[in-house]
Each structure stands twice: as structure tokens, then as C-alpha cells.
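Colleague: Quick one, structure for this:
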Amino acid sequence: MQSLVLTGPRSLQWQDRPAPVLSADTDALVRPIASAACDLDRWIVRSPAPFAPPFALGHEAVGEIVELGAGGSGLRTGQRVVVPWHISCGTCDNCRRDLPGTCATVPPLASYGTSAGGHWGGLFDDLVRVPWAAYNLTPLPPGVDPFLAASAADNLTDAFQAVRPVLTERPGAEVLVVGGTPSLGLLVVLSAAALGAGSVTYLDVDPRRCAVAAAAGATVVAADAYPERLDGTFDLVVDASATTKGFGCAVRSTRPGGTCVIRSIYFTEVRLPYFDLYSRGITLVTGPPHAGPHVPDVLKLMGDGALDPAPMLSGPYDYADAAEILLDPPPAKPVFTR
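Modeller: Presented below is the predicted three-dimensional model:
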């Protein structure tokens, strides 16, 4: 089969690799039919990755089940499914607590698309093995376009879950999104609006993303640089800036008793403005996105028409062009389809 492999910084190529096979009754073999490039993928491709290459790229996809083990209860061949980024068993203590991104049965951060927790293939591959398929795979509802749903495997569900707990507890809360990544902050804007935020403010230094956020209904603050803090009474602040300045701004802009959710990934030490946290009693939330348990809710919103990520996406592109496009990606989130 063909596998899209990162061999080093800005070195991405299709390679012939052995096709996976079922190795347990709980496995499924899945053929990706719509794969999205996560914001993290862009960084991995262009920079020296913190994950040792070579490894197959890609961890966001909708696929079609090609083969099932005997334990694939509730699934069927030919079914279209969302494949979450994480490898998780569904039975360990962490998985039972809806924390599959920290599954205790596999190495830490075991996932498609990196080598952090072993090599599990990538979701641009012609075929992937999904262990514990009945737990991990979410059927795609009829009428939901795989092109739109591919990022539910990670970025879109990550954005949704960044705001859902607070907006469930406090309907109508005021939300600030500190943007900076190509799509994640914008997906947070969409999710906050879909879940009934009282107001959504979007702060960014990129004019194009600011325009997209404004079109999605956010109040936009376009800046030349991230301020120390943004004036307001924000119950929930989400950092999707991927910059330490944005991180500090997010923490300092959270109102007393509010919640600051860090959705950026930092591979260096980040200075924590502790006294700002302490003096206002802020709750700081971070950690990997635990996509699987929340994918059904995201797909329901999409099916109802309340959540439409189309303005944040580009494509569809052909899989054959993935290496070329990911080396010079468009501003919006690229999605590849078969």
C-alpha cells in the first residue's frame, strides 16, 4: 500500500509499505476516504519534529471499514466511520473516565501520525489497522459529508470540547478565543456559537483569520501583537495561539473565577503567570484532546446544521497531491478525499 511518510523536516514522500492485517478479534481495517491536515501536522512537516522520523503522517480522517474482526460488535464492513487520533483500549481506568488520549494500555500519546507512542500508521495511508474498533470508531450519520467530518477525529472535537463544559454549566457565558493556529481557534469560534455562548470575541494578529472569524459572527480584535491582556469580562478564554505571548494574554484576560483552556501545544517550557492565576482564582485546563467519546455529539451538531466547519476548510484535494500541498499548505485547513 501507499503511505505518506515524513522522513525529516520538509521531507515528505509517498512510500510503498506492507499493508496492515487484522491481529486481534477486536481490530478493524479501515480505508481513509477523507483526511484532514491537523494544525500540528503543518508544524511537524516544516520544523524539526519532536517525534523521531520516519513515521507515517496524518491523524484526522473519515474512513470506510474494509474488514472486521469477530469482536467488532455494532460495526459492519462498508460502513463510514470517524477514526479518532488516539489509540485507546476502552477498558482501562482512564478510558472509562472518558480520557482515551491517556489510555493506560498503550504507550503515552499512542496515536496515528506520529512516533510518540509507537508506529500505528497514518491516516493518509491507503489502509490502517484500528485496534479496539468497537470502542474507537464512530459511525458517520447519513447526510454528513466525510469532507466536513474528517477533522472531527481531532481538531473539530478538540475545539468543541474546549468550550462545551463551561457553556453547559454556564449557558450564555462570554468567550474569548486567542487565535494564531491556522484553524483550531476558528473552529473554537464556531463551536462556542453553536453551543450558545452569550458573546464570542476573537483576538488574532492575522488579518485573514480575523476576517473568517468575523464572518462566523465573532467580535474581532485585530492586533499587531498579542497584548498583555484584553479588557473584558470573559468567563471562558481559549488559547489557540501557539505562542507564549498569546498564552500569557489568555491567562491574564480570564475574569476572576473564570476558566482558561489551553488548546495550543508547546514543546518548550512556558512561563506561567502564576500570580495572575492565583490573584483571580482562575481554573487552568490543559491536556491532550480526548476526541472519541465526544465525536457523536459533534456529528449530531453537524447533522442538525448547527455546526458547519466548511468556511475553515480548503479542498477537497486528491490524496496523490498531499505531499506537495502539505509542504506548501493553503491558509485554510486542507482536506483530501478519495
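Colleague: rest of the way, CA atoms for contacts and neighbours
Modeller: Noted.
Colleague: hang on, Ser35 in a strand?
Modeller: Yes - when DSSP: H, G, I helix; E, B strand; the rest coil is applied, Ser35 is found to be in a strand.
Colleague: what's the distance between it and Leu22?
Modeller: 22 Å (C-alpha to C-alpha, to the nearest Å).
Colleague: Neighbour count for the two, which is higher?
Modeller: Neighbours were counted for Ser35 and for Leu22 using other C-alpha atoms under 10 Å; Ser35 has more, 33 against 16.
Colleague: From the contact counts, what lies against the helix or strand containing Ala159?
Modeller: Assessed by DSSP states H and E, Ala159 sits inside helix 155-169. Applying 3 or more C-alpha pairs under 8 Å, 6 or more residues apart in numbering; DSSP states H and E, one finds that helix 155-169 contacts helix 184-194, strand 234-239, helix 295-304.
Colleague: can I assume Val313 is in contact with Pro330?
Modeller: Careful, residue 313 is Leu and not Val. No - assessed by C-alpha atoms under 8 Å, Leu313 is found out of contact with Pro330, at 9.5 Å.
Colleague: Tell me which of those two has more neighbours.
Modeller: A direct count of neighbours by other C-alpha under 10 Å for Leu313 and Pro330 places Leu313 higher, at 20 against 13.
Colleague: Which residues are in contact with the more buried one?
Modeller: Counting by C-alpha atoms under 8 Å, 6 or more residues apart in numbering, Leu313 touches Ala332, Lys333, Pro334, Val335.
Colleague: what about the residue nearest to Ala162 when sequence neighbours are not counted, is that helix, strand or coil?
Modeller: With sequence-adjacent residues excluded and distances taken as C-alpha to C-alpha, 6 or more residues apart in numbering, Ala162 is closest to Val261, at 6.4 Å. Put simply, Val261 is strand when judged by three-state DSSP.
Colleague: Tell me the bridge partners for Val261.
Modeller: Counting by DSSP bridges, Val261 is bridged to Val238, Val285.
Colleague: separation between it and Gly281?
Modeller: Separation of Val261 from Gly281 (C-alpha to C-alpha): 14 Å.
Colleague: likewise Phe247?
Modeller: In this view, Phe247 and Gly281 are 17 Å apart by C-alpha to C-alpha.
Colleague: For the stretch 1-150 of the chain, just list every one of the helices.
Modeller: Using DSSP state H, counting those that start in this stretch, the helices of the stretch 1-150 of the chain run over 39-46, 93-96, 133-136, 146-149.
Colleague: who's in contact with the spatially most central residue of the chain?
Modeller: For the chain, the residue nearest the mean C-alpha position is Asn155 (1.9 Å; C-alpha atoms, centre = their mean). Contact partners of Asn155, counting by C-alpha under 8 Å, 6+ apart, are Cys38, Asp39, Leu184, Leu187.
Colleague: Pick the one among those residues closest to Cys103.
Modeller: Using C-alpha to C-alpha, Cys38 comes nearest to Cys103 of the contacts of Asn155, at 21.1 Å.
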